[in-house]
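In: please work out how this folds:
(one chain, ligands or ions: 1)
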Amino acid sequence: MAPPEDTEKSPTRSKYVSLENGDIQDNDSETVIEGQHYYTLPTLRFINIVKIIIFIDGILSIVLWLTGGHTKYFVDNIVHFHLTESVFDLALICSIKSVLYMILYTWLEELTLKFTNCPFDQDLKTKTRYAHFGIVFIAIAVLTYTTTKGGLVLNAYLNKKDYRIMHPTYNALVISAFVFSFIQIICALYSFVAMRKLKVLRILHRLNDDGEEVDADGKPIKKKANILRLIKLAKPEAGIISLAFFAMLGSSGVQIVAPLFFGKVVDAAQRNMDELNNTVLILLFIYMGGALCSSARSWIFTLAGQRVVARLRKDLFKSVIKQEVAFFDTNRTGEICNRLSSDTQVLQNAVTVNMSMLFRYLLQIIGSLVLMFVLNPSLTGVLIAVVPIVSLGAVQYGRYLKKVRKEFQDRLADAGTTAEESISSIRTVRSFSGETKAIKAYGSDVDKSYKEGSKLAAAQGLFDGTIGLLSYGAVLLVLWYGGKLVYENTQDSNTGISPGVLTSFLLYTLQVALAFALLSSLYGDFMQALGASLRIFELFDRKPLVSSENGDILPMFDGHVEFKNVHFTYPSRPETPVIKGINLTVSPGQVVALVGPSGGGKSTIVSLIERFYDPDSGSISLGGQDLTSLDPQWFRQKIAMVSQEPTLFACSIKENIAYGRNATDAEIVEAAKQANAHEFIQTFESGYDTLVGERGVRLSGGQKQRIAISRALIMDPVILLLDEATSALDAESEHLVQEAIDRAMKGRTVIVIAHRLSTVRNANKVIVIDKGLIAEQGSHDELLAVNGVYKRLVLRQLTAGGMMVNNGNDNSTEENNDSEQNTNKDHDQDTIQQLD
Ligand SMILES: Nc1ncnc2c1ncn2[C@@H]1O[C@H](COP(=O)(O)OP(=O)(O)OP(=O)(O)O)[C@@H](O)[C@H]1O
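Out: From the prediction side, this is the model:
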């Protein structure tokens, strides 16, 4: 579709640029859509809100009209129509305008959506204009009429001596007709903005053939949080929640009928003492029943909330822990932990306590309004006329609040993450005197969250104030109008209302106003919960890119590993390929040493064997079968890893050794003996039950490594993946660790990232990895014969006395240590001579 030549002239057209294959690009949001798409639209969008307002207006007008008097009065009102004494015209106009509005708004939305797909269709554009102007015309005409009529009625009431006062409900109809026509003209004008938003919204919501929402690349988008999904979280608690609902019905019932009895008390006080006593006694019983129901409701709802959050946390953690390793490369630990703790807490309140409050207040409002209607419809009509203003304002403002609140929560989470990082690395912070830096970083994050918090406080304050003013304004209106009716009653007992009824009415009004104010603050809570649930459901819905379940189990696994033309790039750094086409074979029982310059990709190869990541292309097989088709749980039992800086868990030595599988005490001790760990463990007061502290801080480097070797040995792995420690241990530790490693290597396929010459010399095969490729491979001697990377590496490291030479510590106490190191040194000397 080619854009017409006058594209620049039309603001709507210039927003879209057609692409070669008929796609449309939205310049503002840089969103591209291909051809025709199906979309989901939010339920609570502008048109639907307007329709609700029109509906309320229609219903209210009809009710006020119908409750306005007896049959003759109706007929008189129509037959002897009088501009300032009849309201038949208003009821008629309201019915006609409601139908017209419904038709025009529906048409307008349809046209706007069609226009998104065909932004250059002149006909659609003209029709959309007609729809817009039709709506605005009706709104202006109706507002003009209702204002004029209202003014004339008021003028007649105040100034005309022979004015026949209308039925109170009809007066309410005049007020509500004016208020609604005012709201509707605002809606009509806002419809221009709303339709523009709808176009963008439509582009942003697209579905694939399965009905899932997809992004511009056609990939499914994580599910959005919605209230229904939030409620579903509490589904298993449905039983006890329904119990709580019954209790809530009881307590709300009390709230609803109590004001009625208050009124009766006031009226009884004007008659006789017996009636007064009886009414107060009834009220006391009502309150006692209400108290019982209230405590049951509160207890059960809170209990259900606790259950929901406990389950939520477990499920969420399950989902997090199953994510592929790459996920943790891009997501900070603190942020994830925040979701587990604070976001789930927000949800706990939303799905139970807030939900209960929502129903309670709704019940209170509806019940109170019904009783108010029974007491005096006209007074109720006056109150209802202001409700739509409050609700429309609350919804719009609530949206803004949600945005600010989310921003605040994000900044708070950032601060939490920064603090966690510093505290968990306190040793590094201390040794580099990084306290000031850490304090500054945390302080700056807290300042940012404070900035957002103060914005939130102001916004929330304004929100609460406005809602409060509107609510109490309604009370004042009722007080004035009700006072007038009481006054009328004192003049003529057949008209107006008694003081008792006014008391009930005022209490109801307060109750409705309060419930309304609380309901609107609940809206804020729900919005906050929606924000939290967005983040939580994002984690819930995230399917790990590398699954850790399901797959084949080989009946026999000999330890054969093969890489075929493997290419790999870390997802967190997509522009930098790390492995660029590696072919290698490790035969069962072989010891293969990976060497090479730092950053060449050795550790990445080991990670790929563990299937922490999947290669971008090529294949990795274990025992002849592709790694991606094997059950990760199974093959990870067959592969054990001892890394350079082993991480231990903050539990006992015993639990750390038996981390990979359930083992008996005897097996644990045997593994520790094999790893030369038994002796030092025995010197500890609590032996195998000694706690190692966070990440094993209470153990020395050598001790940690030997525990890690025990942990690997207890798995009796077929393949051992070793990353030799580069950090220098003292001679004794070095020897003990080395001996444990040598023992562990026996009878297994071993892939070792080698840093010691002795390891490389004893390996069956040495593979030199450089810049993501295999630079050389062969035995130590073969590679030395080639004047290549390996020779340079060995020479550089030997002459530098670097990592590949065993640390010769003269203070060594054990004789065999010395002799072993001397042998190594001799070998190293040989090597240097050979190289020279
Ligand atoms: N999780 C990661 N995300 C992104 N890039 C990574 C990640 N881990 C490693 N890299 C990058 O991949 C490249 C290879 O790293 P790798 O750790 O495999 O090298 P290496 O040969 O084991 O180095 P060394 O001997 O120093 O341990 C490096 O450039 C490194 O920066």
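In: so the residue lying closest to A438 once chain neighbours are set aside is in which element?
Out: Of all residues beyond its chain neighbours, the one nearest A438 is S422 (4.0 Å), with distances taken as Cβ to Cβ, 6 or more residues apart in numbering. Glycine gets a C-beta too; all of them are placed from N, C-alpha and C. Using DSSP states H and E, S422 sits within helix 377-424.
In: any low-confidence regions in the stretch 451-600 of the chain?
Out: Low-confidence segments of the stretch 451-600 of the chain (pLDDT under 70): 471, 474, 517, 520-521, 524.
In: and for the nearest residue to K160 once chain neighbours are set aside, the neighbour number?
Out: In this structure, K160 finds its nearest non-sequential neighbour in T84, 7.9 Å apart by Cβ to Cβ, 6+ apart. Residues lying near T84 (other Cβ atoms under 10 Å) number 18.
In: okay, and T84 sits in which element?
Out: Going by DSSP H and E, T84 is not in any helix or strand.
In: quick one: it from I96, how far?
Out: Distance of T84 to I96, given as Cβ to Cβ, to the nearest Å: 21 Å.
In: for R698, same thing?
Out: From R698 over to I96 (counting by Cβ to Cβ), the distance is 83 Å.
In: could you point out which element follows the helix holding S422?
Out: Per DSSP H and E, the first helix or strand lying C-terminal to helix 377-424 is helix 426-431.
In: and that following helix, what does it pack against?
Out: Judged by 3 or more Cβ pairs under 8 Å, 6 or more residues apart in numbering; DSSP states H and E, helix 426-431 is in contact with helix 435-491.
In: from the contact counts, what lies against the helix it packs on?
Out: helix 377-424, helix 426-431, helix 499-541.
In: at 6 Å what do you get?
Out: Contacts defined by 3 or more Cβ pairs under 6 Å, 6 or more residues apart in numbering; DSSP states H and E place helix 435-491 against helix 377-424, helix 499-541.
In: what's in contact with stretch 689-708?
Out: For stretch 689-708, contacts defined as Cβ atoms under 6 Å, 6 or more residues apart in numbering pick out 642, 646-648, 650, 652-653, 656, 675-677, 680, 684, 729, 733, 737, 740.
In: just the ones in strands from the residues you listed, please.
Out: V642 (DSSP state E).
In: buried members of the contacts of stretch 689-708 into ChimeraX, please.
Out: Entered in ChimeraX, the line below selects the buried ones among the contacts of stretch 689-708, by 16 or more other Cβ atoms under 10 Å:
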select :642,646,648,652,653,656,675,676,677,680,729,733,737,740
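In: ok so, going back, could you say which of the helices and strands packed on helix 435-491 is packed most deeply?
Out: Mean neighbour count (mean count of other Cβ atoms under 10 Å) peaks for helix 499-541 among the helices and strands packed on helix 435-491, with a mean of 21.
In: near the ligand, which residues of the chain are found?
Out: 329, 570, 572-573, 578, 596, 598-604 (Cβ under 6 Å from any ligand atom).
In: where's the nearest residue to L783 once chain neighbours are set aside relative to D552, distance?
Out: Leaving aside its chain neighbours, L783 sits nearest to Y790 (4.1 Å; criterion: Cβ to Cβ, 6+ apart). Distance from Y790 to D552, counting by Cβ to Cβ: 37 Å.
In: next: A457.
Out: Distance from A457 to D552, by Cβ to Cβ: 58 Å.
In: again with F88
Out: 81 Å.
In: more neighbours: which of those two?
Out: F88 (19 against 12).
In: in the stretch 651-800 of the chain, where is pLDDT below threshold?
Out: Ranges of the stretch 651-800 of the chain meeting pLDDT under 70: 725-734, 797-800.
In: circling back to that earlier point, kindly list the main-chain dihedrals of the residue nearest to L783?
Out: Phi and psi for Y790, reported as degrees, to the nearest 10, are phi -60, psi -50.
In: for it, give me its contacts.
Out: So Y790 contacts V768, E776, L783 (Cβ under 6 Å, 6+ apart).
In: again, only using 7 Å
Out: Taking Cβ atoms under 7 Å, 6 or more residues apart in numbering as the criterion, Y790 is in contact with V595, V766, V768, E776, L783.
In: now the residues you listed as JSON lines including distance to G747 and secondary structure?
Out: Listed next are the contacts of Y790 as JSON lines, based on distance: Cβ to Cβ, whole Å; DSSP: H, G, I helix; E, B strand; the rest coil:
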{"residue": "V595", "distance to G747": "23", "secondary structure": "strand"}
{"residue": "V766", "distance to G747": "21", "secondary structure": "strand"}
{"residue": "V768", "distance to G747": "26", "secondary structure": "strand"}
{"residue": "E776", "distance to G747": "28", "secondary structure": "strand"}
{"residue": "L783", "distance to G747": "26", "secondary structure": "helix"}
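In: what's the closest of those to the ligand?
Out: The ligand lies nearest to V595 out of these, by Cβ to the nearest ligand atom, at 8.9 Å.
In: thought A754 was touching the closest one, still the case?
Out: Yes - if you go by Cβ atoms under 7 Å, V595 and A754 touch, sitting 5.4 Å apart.
In: surely S181 and T146 touch.
Out: Yes - counting by Cβ under 7 Å, T146 is a contact partner of S181 at 4.5 Å.
In: where does the stretch 201-350 of the chain have low pLDDT?
Out: 201-227.
In: the strands in it, which residues?
Out: Taking DSSP state E, counting those that start in this stretch to define them, one finds strands in the stretch 201-350 of the chain at 206-207, 213-214.
In: circling back to that earlier point, what's the separation between the residue nearest to A438 and the ligand?
Out: Relative to the ligand, S422 is positioned 21 Å away (criterion: Cβ to the nearest ligand atom, to the nearest Å).
In: so that residue touches I439, yeah?
Out: No - the pair S422 / I439 is not scored as a contact, 8.6 Å apart, by Cβ under 7 Å.
In: from the stretch 301-450 of the chain, which residue is nearest to the ligand?
Out: Counting by Cβ to the nearest ligand atom, the stretch 301-450 of the chain gets nearest the ligand through D329, at 4.4 Å.
In: next up, the contacts around that residue.
Out: Y570, S572.
In: circling back: quick one: which of R698 and I96 has more around it?
Out: R698 (15 against 12).
In: look up how far the ligand lies from that one.
Out: Distance from R698 to the ligand, by Cβ to the nearest ligand atom: 27 Å.
In: what about that residue, which SS state?
Out: coil (DSSP: H, G, I helix; E, B strand; the rest coil).
In: ok, I582 next?
Out: strand.
In: contact partners for it?
Out: Listed by Cβ under 7 Å, 6+ apart, the contact set of I582 reads F563, V566, L773, I774.
In: ok, those vs G500, which is closest?
Out: Nearest to G500 among the contacts of I582, counting by Cβ to Cβ, is V566 at 87.0 Å.
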